[in-house]
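Participant: need a 3D model of the sequence below.
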Amino acid sequence: MAKKEKEAVVEDLVGVLSGSRSVLLADFTGLGVEEINQLRRGLKEREVNFRVVKNTLARLAVHRAGFDELLPYLQGPTALVTSVVDPAEPARALMDFAREREKPKIKGILFEGEIGGPSLAERIRNLPSKEVLLSRLCSSIGSPIARLTGSLQGMIRNLIGTLVAIQHLKEGKNG
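Facilitator: This next block holds a predicted model:
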């Protein structure tokens, strides 16, 4: 690879590292070509990107992006797994795939500026999805409104009942 090509790859990697809310570093050793293709297809369906990188270029990009804490994780074969949609999805998608095969192995993760190893990736994997969090939020916002509506309906029913009772008393006295 020519120097200009390497420079372009490094700049692209800096953009990926800086622009992603999460970047997972994975060791894909032991996966065959067909398994890697399966992994790529599965990740693509979940809007997750899988990119094999050379560690020398990745180290330059990590340093330029200001994430030097990731440098110890750049040993052996490395793939960057990212998503621009859901920052927790790379961890979920990769761990779901690895559950059956015990490969690839997660080496490290950059998540919302926090850097950690496989244990951080496991914690992130267990986070509820964005859709679940939004539905919980809507439910918690809607709950007080539903209770208020129920209380107001009860008050109106009581008022109507009282007015009907008063009407019956007046009709009974006059009639």
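Participant: could you list the domains of the chain?
Facilitator: 3-127, 128-175 (automatic domain parsing).
Participant: from the chain's centre, how far out does the shortest one sit?
Facilitator: Spelled out, it's domain 128-175. Going by CA atoms, centre = their mean, to the nearest Å, the spacing between the C-alpha centre of domain 128-175 and its chain's C-alpha centre is 38 Å.
Participant: all helices of this structure, in order?
Facilitator: Taking DSSP state H, the helices of the chain run over residues 3-19, 33-45, 55-65, 89-101, 118-125, 130-174.
Participant: out of those helices, nearest to Phe111?
Facilitator: Closest to Phe111 of the helices of the chain is helix 118-125 (CB to CB; 5.5 Å). Just so you know, the C-beta spots here come from the backbone N, C-alpha and C atoms, and that holds for glycine as well.
Participant: can I get the helices of the chain in JSON lines with distance to Leu74 and mean neighbour count?
Facilitator: Shown next, in JSON lines, are those (distance: least, CB to CB, whole Å; neighbours: other CB atoms under 10 Å):
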{"stretch": "helix 3-19", "distance to Leu74": "11", "mean neighbour count": "14"}
{"stretch": "helix 33-45", "distance to Leu74": "19", "mean neighbour count": "14"}
{"stretch": "helix 55-65", "distance to Leu74": "5", "mean neighbour count": "18"}
{"stretch": "helix 89-101", "distance to Leu74": "17", "mean neighbour count": "19"}
{"stretch": "helix 118-125", "distance to Leu74": "15", "mean neighbour count": "17"}
{"stretch": "helix 130-174", "distance to Leu74": "29", "mean neighbour count": "10"}
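Participant: same list, these, but as JSON lines with distance to Ser83 please.
Facilitator: Formatted as JSON lines, the helices of the chain follow (distance: least, CB to CB, whole Å):
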{"stretch": "helix 3-19", "distance to Ser83": "11"}
{"stretch": "helix 33-45", "distance to Ser83": "9"}
{"stretch": "helix 55-65", "distance to Ser83": "17"}
{"stretch": "helix 89-101", "distance to Ser83": "5"}
{"stretch": "helix 118-125", "distance to Ser83": "12"}
{"stretch": "helix 130-174", "distance to Ser83": "11"}
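Participant: what's the closest of these to Ile109?
Facilitator: helix 118-125 (4.6 Å).
Participant: quick one: contacts of that closest one?
Facilitator: Contact with helix 118-125 is made by 22, 24, 87-88, 91-92, 95, 105-109, 111, 114, as judged by CB atoms under 8 Å, 6 or more residues apart in numbering.
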